[in-house]
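[1] here is a sequence together with a model predicted from it:
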Amino acid sequence: MNEEADRQHPLLNQAKTPGLSRFNTLRVQFTLVIFLLAFVPNAILTLGAGRDLGLLGGAALPLGLWLGLVAVFSAVVGWVLSGALLRPLSRLTGELGRGDFYPVQTGLGGRNADDPQEVRALRAAFSGLLDRLGTEQGRRNAFMATLVHDLKTPLVATGHLIRTLSNRPLPDLERHALGEHLLTENARLLGLVQQMADAHRFEREDVRLTSAETDLRALLDRVALRLQQGRVVPGVPVVVSGEGLAVVDAAVLERAVANLADNAARYASRRLELRVDPDGVSVCDDGPGLPEGASIASLAQPFNAQPVEIAGQKYTAGTAGLGLYIVRRIAEAHGGELIYRREPFSENQPPLSVMHIQLPGVSGGAPERPVTRQSDPGRTEPADPPPVAQTSDASASASPPDLPAPTSWSGLPVSVSSTSALPSQEVHP
Amino acid sequence: MKLVIADDHPLFLMGLGYALRDQGFEVLAQASDGLSALDACLRHQPDAALLDVKMPGMTGIEVCARLKREAPSVLSVLITTFSEPAVVQAARDAGARGYLSKETPPDELARQLRDIMARPDVNRLPQVSVPRLTPRETDVLPLLAQGYSNKEIARSLGVSPDTIKDHLARLYIKLDAGDRTQAVSRARTLGLIA
């Protein structure tokens, strides 16, 4: 079995050096120490007694034989004791060599329950190392699965469609629609590649921030506008609400919010809200939320393998949580954290899924746009917004009178939502 | 030649539809999940169904198995990026007549589909040899891959460590492995575990 292990684990073989060096083992060293400790005092005593008894000189043979016997006995005792002392270590080496490693067991009376503390520590260290290797292998599998499943399929598809566009006369409308689909897919793939690159980078190094006081409402408005402009087909209106200032890296935080908003837009069916909260920013949607049993801690990992069950077996079919991982790292870099929770929406409606980026030091108001409202002196509204495109949307007409008039900084139609205590604007498709 | 095609990737489905029509096939229906694919096949009774393996609700392999029972005249052909031997084996067991890669160029795809339709009884699935594991061995394998000891696996499955030792011994033989690491590695290669 050990020879087999040696054959399969060349590094263990390399550790075994030829010639005299092969005796440079802990067991030989322990044996030598025990031998010397046992033999030297015996030899000194025997030689001293022999001189007193006149056994030295011509009658030295019995004394020599005796010393020889003591030497052999000391060596045997040393060899046996060193073997016993090193048995846990030898067992651990054998387990690792055979790939038959048993992690630390405590109080189970297992086969390694009698390991001394040092060997248990070593076993725990190996256990941790193997866990990390397992995690890394899982990530590599997920990465490869992303390449094979998440990237290959759309690339093959774009090939088919480009061939169609090149070889087949299509009506203008159909050709235009195909082109739009290709561009959307292209943007999605670029986004995925960017996420993979970011996740890889954020795994190796800290997120670098250039922080400055930032109007969080303006940041959310930009995300909402981009989300709206990037849509090929109209989707759920994006509601932006709340106000606040915080010292953040606006560009980096905007990417985090955009990641969450893109994801929310995919699952929202009626409600998609970007909100400034007293302690950060939130992205809310009425989609299904995180899968049952999943948590931010388990999902927001780089290259989190996404298993799919085929014929009773689980296979890695891509990766999940890349975007969440990036958001988590950005939140942590700002001294905050990413929190997931469910919030009640309205009667007979499923609760909202809320991804909250908690940020330290958020203060209310927006001094860059200082128009104080009569009804609430502590709050501010845009002083000079770009031209407003009024909407005939029912929600606008239903706005309560104490909320500000509908505004838009983007020229897009907006309306005020009545679902939030703070003023909000809704970007319509 | 009439087809139903199914894939959960909308752009691939669209591209495949165009490619097959360009090659002279009539695409009767396109489905984005397994149940819709099955429904479309039962309703339209196409010559063949070109099915993705990984689809929500019902995998392409499950659709194959249902078609084999409920619409045996519809030839099931899988088109996928999965190449794990265990998946191929499952496709064969489910009655798939072909197992094609998504990368196959349209003209080659058309040629292979026509071959399958012309001689459906010829076995065209890739030759794979996947050991058949007992349900208990199938339970043990993922725990082994997670690095659990015999005792922990035994506790998890409610059996004795000696039983686990026996299962492992049989697994080593089936997987042609000398130890745990080899067994896990070989099982991964065969697609028996993720």
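    That came through, no problem.
[2] tell me if residue A:350 really is in a strand.
    No. Residue A:350 is assigned coil when assessed by DSSP: H, G, I helix; E, B strand; the rest coil, not a strand.
[3] that one: neighbour count?
    Number of residues near residue A:350 (other Cβ atoms under 10 Å in any protein chain shown) recorded here: 16. For glycine as for every other residue, the C-beta is placed from the backbone atoms N, C-alpha and C.
[4] what's the closest non-adjacent residue to it?
    What sits nearest to residue A:350 in space, not counting adjacent residues and going by Cβ to Cβ, 6 or more residues apart in numbering or on different chains, is residue A:286, at 6.1 Å.
[5] quick check: domain ranges of chain B?
    Here the domain parsing of chain B from automatic domain parsing is B:2-118, B:135-190.
[6] ok, how many other residues are close to whichever residue of the stretch 151-300 of chain A sits closest to chain B?
    Distances between the stretch 151-300 of chain A and chain B by Cβ to the nearest Cβ are smallest at residue A:160, namely 3.0 Å. Counted by other Cβ under 10 Å, the residues lying close to residue A:160 total 23.
[7] so it is in which element?
    Residue A:160 is located in helix A:152-167, with elements delineated by DSSP states H and E.
[8] report the rounded mean pLDDT for that helix.
    Mean pLDDT, helix A:152-167: 88.
[9] now the helix ranked longest in chain B: buried residues?
    Criterion DSSP state H: the longest helix present in chain B is helix B:161-175. Buried residues in helix B:161-175, counted by 16 or more other Cβ atoms under 10 Å in any protein chain shown: B:161, B:163, B:164, B:167, B:168, B:171, B:172, B:174, B:175.
[10] mind checking the SS state of residue A:63?
    Per three-state DSSP, residue A:63 ends up helix.
[11] isn't it right up against residue A:45?
    No. Using Cβ atoms under 8 Å, residue A:63 is not in contact with residue A:45, being 11.6 Å away.
[12] residues in contact with the residue of the stretch 151-300 of chain A closest to chain B?
    For residue A:160, the contact set (Cβ atoms under 8 Å, 6 or more residues apart in numbering or on different chains) comprises B:12, B:15, B:16, B:18, B:19, B:106.
[13] now the helix or strand containing the second one - C-alpha only, CSV.
    Spelled out, it's residue B:15. Assigned by DSSP H and E, residue B:15 belongs to helix B:10-22. Taking C-alpha atoms only, helix B:10-22 is exported to CSV below (Å, rounded to 0.1, in the frame of the first residue of the first chain):
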residue,chain,number,x,y,z
PRO,B,10,-33.6,32.3,-25.7
LEU,B,11,-30.9,33.5,-28.0
PHE,B,12,-29.6,30.0,-28.7
LEU,B,13,-33.1,28.9,-29.3
MET,B,14,-33.6,31.7,-31.8
GLY,B,15,-30.3,31.0,-33.5
LEU,B,16,-30.9,27.3,-33.7
GLY,B,17,-34.4,27.9,-35.2
TYR,B,18,-32.9,30.1,-37.9
ALA,B,19,-30.1,27.7,-38.6
LEU,B,20,-32.3,24.7,-39.0
ARG,B,21,-34.8,26.5,-41.2
ASP,B,22,-31.9,27.6,-43.4
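[14] give me the buried stretch members for that helix, please.
    Using 16+ other Cβ under 10 Å as the test for burial, helix B:10-22 gives B:11, B:12, B:13, B:14, B:15, B:16, B:17, B:18, B:19, B:20, B:22.
[15] taking their axis directions, that helix and helix A:152-167 sit at what angle?
    Put simply, helix B:10-22 runs at 40 degrees to helix A:152-167, going by axes from the mean of the first three to the mean of the last three Cα atoms, to 10 degrees.
[16] so does helix B:10-22 get close to chain A?
    Yes. Judged by Cβ under 8 Å from any Cβ of the partner chain, helix B:10-22 comes into contact with chain A at B:11, B:12, B:13, B:14, B:15, B:16, B:18, B:19, B:22.
[17] state the pair within those that is farthest apart.
    Using Cβ to Cβ, the two most remote members of the residues of helix B:10-22 next to chain A are B:11 and B:22, lying 16.4 Å apart.
[18] and stretch B:42-53, how far from the chain's centre?
    With Cα atoms, centre = their mean, to the nearest Å as the basis, stretch B:42-53 stands 16 Å off its chain's centre.
[19] what residues of that stretch count as buried?
    For stretch B:42-53, by 16+ other Cβ under 10 Å, it's B:46, B:47, B:48, B:49, B:50, B:51, B:52, B:53.
[20] need the distance between the two termini of that stretch.
    Start-to-end span of stretch B:42-53 (Cα to Cα, to the nearest Å) is 18 Å.
[21] so for that stretch, what's the average pLDDT?
    Per-region confidence: stretch B:42-53 scores 94 on mean pLDDT.
[22] picking up where we left off before, look up phi and psi at the residue nearest to residue A:350.
    Main-chain dihedrals, residue A:286, degrees, to the nearest 10: phi -100, psi 30.
[23] helices or strands next to the helix or strand just after the helix holding residue B:15 in the packing?
    Counting by DSSP H and E, the element after helix B:10-22 in chain order, helix or strand, is strand B:26-31. Using 3 or more Cβ pairs under 8 Å, 6 or more residues apart in numbering or on different chains; DSSP states H and E, the elements in contact with strand B:26-31 are strand B:2-6, helix B:10-22, helix B:34-44.
[24] how does chain A divide up, domain by domain?
    Structural domains annotated on chain A: A:2-101, A:123-204, A:212-427, as defined by automatic domain parsing.
[25] list the residues that contact whichever residue of the stretch 201-350 of chain A sits closest to chain B.
    Taking Cβ to the nearest Cβ, chain B has its nearest neighbour within the stretch 201-350 of chain A at residue A:311, 3.2 Å off. Residue A:311 sits next to B:59, B:61, B:86, B:87, B:90, B:93, B:94 when contact means Cβ under 8 Å, 6+ apart.
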